[in-house]
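In: Below is the structure, and that's it, no one-letter string:
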């Protein structure tokens with residue numbers, strides 16, 4: 001299966017570095033599971049993460065930015081719910 005991740009971020013808010021760091025973390029954690037990851041500059045305070053056309057995070061709806069472990073869990077739940085995230089996984 002090909003899994004595509006898209007991160008939409010606000011350029012006016014200077015969120016490129018945060019977005020790039022999150023992209024790096026996702027690509028490292030899901031090596032072999034993500035076939036494509038793209039960064040999409042935007043405006044209006046946008047920060048959203050999409051996996052296979054499903055939004056998994058919205059700064060406006062979710063109330064800010066995710067902790068990286070939280071974002072990894074949401075991405076994992078979309079692409080491979082059985083995948084263990086090791087020490088950063090949620091408690092059973």
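Out: Perfect, I can see it now. Small disclaimer: the values here were computed from a predicted structure and weren't measured.
In: The residue nearest to residue 54 when sequence neighbours are not counted sits in which helix or strand?
Out: Spatially, and ignoring its direct neighbours in sequence, residue 54 is nearest to residue 78 (5.9 Å; Cβ to Cβ, 6 or more residues apart in numbering). No exception for glycine: its C-beta is placed from N, CA and C like everyone else's. Here residue 78, judged by DSSP states H and E, is contained in helix 68-79.
In: what sits up against that helix?
Out: The contact list for helix 68-79 (Cβ atoms under 8 Å, 6 or more residues apart in numbering) reads 1, 3, 5, 22, 25-26, 29-30, 33-34, 49, 51-52, 54, 56-57, 66, 83, 85, 88-90.
In: for the residue nearest the centre of the chain, what are its contacts?
Out: Nearest to the mean C-alpha position of the chain, by Cα atoms, centre = their mean, lies residue 49 at 4.7 Å. By Cβ under 8 Å, 6+ apart, the contact set of residue 49 is 5-8, 22, 55-57, 66, 71, 74-75.
In: same question, residue 35
Out: Residue 35 neighbours (Cβ under 8 Å, 6+ apart): 2-4.
In: let's see it at 10 Å
Out: By Cβ atoms under 10 Å, 6 or more residues apart in numbering, the residues touching residue 35 are 1-5.
In: Give the buried subset of the residues you listed as a PyMOL selection command.
Out: The buried subset of these, as determined by 16 or more other Cβ atoms under 10 Å, is captured in PyMOL by this line:
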select buried, resi 3+5
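In: biggest helix in this structure by residues?
Out: helix 16-29 (DSSP state H).
In: Reduced to three states, what does the residue nearest to the centre of the chain come out as?
Out: strand (DSSP: H, G, I helix; E, B strand; the rest coil).
In: likewise residue 44?
Out: Going by three-state DSSP, the secondary structure assigned to residue 44 is coil.
In: Tell me, how many residues neighbour it?
Out: 8 (other Cβ atoms under 10 Å).
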